[in-house]
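> Please work out how this folds:
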Amino acid sequence: MIELDDEQQRARTWFETLRDRICAEFEAIEREAGGDAAFGYTSWDRTDPDGAPGGGGVRGLMKGKVFEKVGVNVSTVGGRFSEEFARTIHGAADDPRFFATGISLVAHMANPHVPAVHMNTRFLATTRRWFGGGADLNPPIPYEEDTAAFHARLRAACAAHDQTFYDRFAKWADDYFYIPHRGVHRGVGGIFYDHLEGPFEETFAFTRDVGEAFLDVFPRIVRRRMETPFTPEDKARQLEYRGRYAEFNLIYDRGTLFGLKTGGNVDAILMSLPPVATWN
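This next block holds a predicted model:
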């Protein structure tokens, strides 16, 4: 195992605690729907290219009646970036050593009226230290009520820390979660932030509140929509939308690239891909 300082350990513990609470809530939704699905957990270890321990993580995966496929991963890794990749990472150009810990979640839903969702928060240390992450809603069949609730909850989390955060981070999400070759956004947005530096207690508190906001609002949206009847046409729309989601994650997503470039677990990195998709 890699050795952690106090800030690194506190961030790691929070991400693991948040994972446990999210997984418990998602399992409760499955039981409410009459299912008995539960998360299965697979641990993995990473070795740095020079042979030193590089940390690892746990991949959590559930397939049920409501959640067709949901993954909730926590990883804590460290080591050295390759010289080429280090030049692309904040604070690593002159020293390739790094530490990263974070939670990453993607849920693909059985009912096309229930939106898919992504949430990720992370803490990274190079010669600089910062938090990043966010959450975005990805409905195949958008409902304005759901979009408004999701954004309102994230807006409140942002406003508790800085009145400029929501507008800045919502625009960042719109710019980031965009598929240039399609000319469309991946979903209906949310927030995205990166390189959030400053006093650890302040930036850590904000990142915790992003996790709390997600845990509050998304289960409410799921419960609102999970019993909605749907047609074969609705399902076809969902599967085509999932193709767009896969395109973004494989071509543009920074987290996918970071995981693959740093020797992460391939199954955990690619758990974001939908179980079934179509390209027509």
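
> what helix or strand is the spatially closest residue to Pro275 that is not a sequence neighbour on?
Leaving out its chain neighbours, the residue that sits closest to Pro275 by Cβ to Cβ, 6 or more residues apart in numbering is Lys69, at 4.4 Å. To be clear about C-beta, it is placed using only N, CA and C from the backbone, and glycine gets the same treatment. Element membership for Lys69, per DSSP states H and E: strand 67-80.

> So Gly55: helix, strand or coil?
Following DSSP: H, G, I helix; E, B strand; the rest coil, we place Gly55 in the strand state.

> How about it: which residues does it bridge to?
Beta-bridge partners for Gly55, by DSSP bridges, are Val77.

> average pLDDT for stretch 5-14?
Averaging pLDDT along stretch 5-14 yields 96.

> whoops, stretch 132-144 was the one
98.

> Just the endpoints, please. Distance across that stretch?
Using Cα to Cα, to the nearest Å, one end of stretch 132-144 lies 27 Å from the other.

> Then stretch 61-73?
8 Å.

> What ranges does this protein have for its helices?
6-32, 83-86, 144-159, 165-176, 200-225, 232-251, 254-261, 266-269 (DSSP state H).

> so how far is Thr203 from Arg46?
Noted for Arg46: a distance of 25 Å to Thr203, by Cβ to Cβ, to the nearest Å.

> Just give me the neighbour total for Ala159.
12 (other Cβ atoms under 10 Å).

> any idea how far Pro219 is from it?
22 Å.

> What of Asp45?
32 Å.

> One more: Arg31?
In terms of Cβ to Cβ, Arg31 sits 13 Å off from Pro219.

> repeat for Asp95
Distance from Asp95 to Pro219, by Cβ to Cβ: 42 Å.

> the more surrounded of those two?
Pro219 (15 against 12).

> I figured the more buried one hits Ile29, correct?
Yes. Using Cβ atoms under 8 Å, Pro219 makes contact with Ile29 at a distance of 6.3 Å.

> for the strand holding Lys69, packing partners?
helix 6-32, strand 53-62, strand 97-109, helix 266-269 (3 or more Cβ pairs under 8 Å, 6 or more residues apart in numbering; DSSP states H and E).

> let's see 10 Å
helix 6-32, strand 40-47, strand 53-62, strand 97-109, strand 116-125, helix 254-261, helix 266-269 (3 or more Cβ pairs under 10 Å, 6 or more residues apart in numbering; DSSP states H and E).

> Buried residues, the second one. List them.
Of the residues in strand 40-47, those with enough neighbours to count as buried (16 or more other Cβ atoms under 10 Å) are 44, 46.

> do the same with stretch 23-37
23, 26-27, 29-30, 33, 35, 37.

> Name the residues that touch it?
38-39, 41, 60, 62-67, 70, 72, 105, 107, 110-111, 215-216, 218-219, 222-223, 226-227 (Cβ atoms under 10 Å, 6 or more residues apart in numbering).

> swap the cut-off to 6 Å and go again
38-39, 60, 62, 64-66, 72, 219, 222 (Cβ atoms under 6 Å, 6 or more residues apart in numbering).
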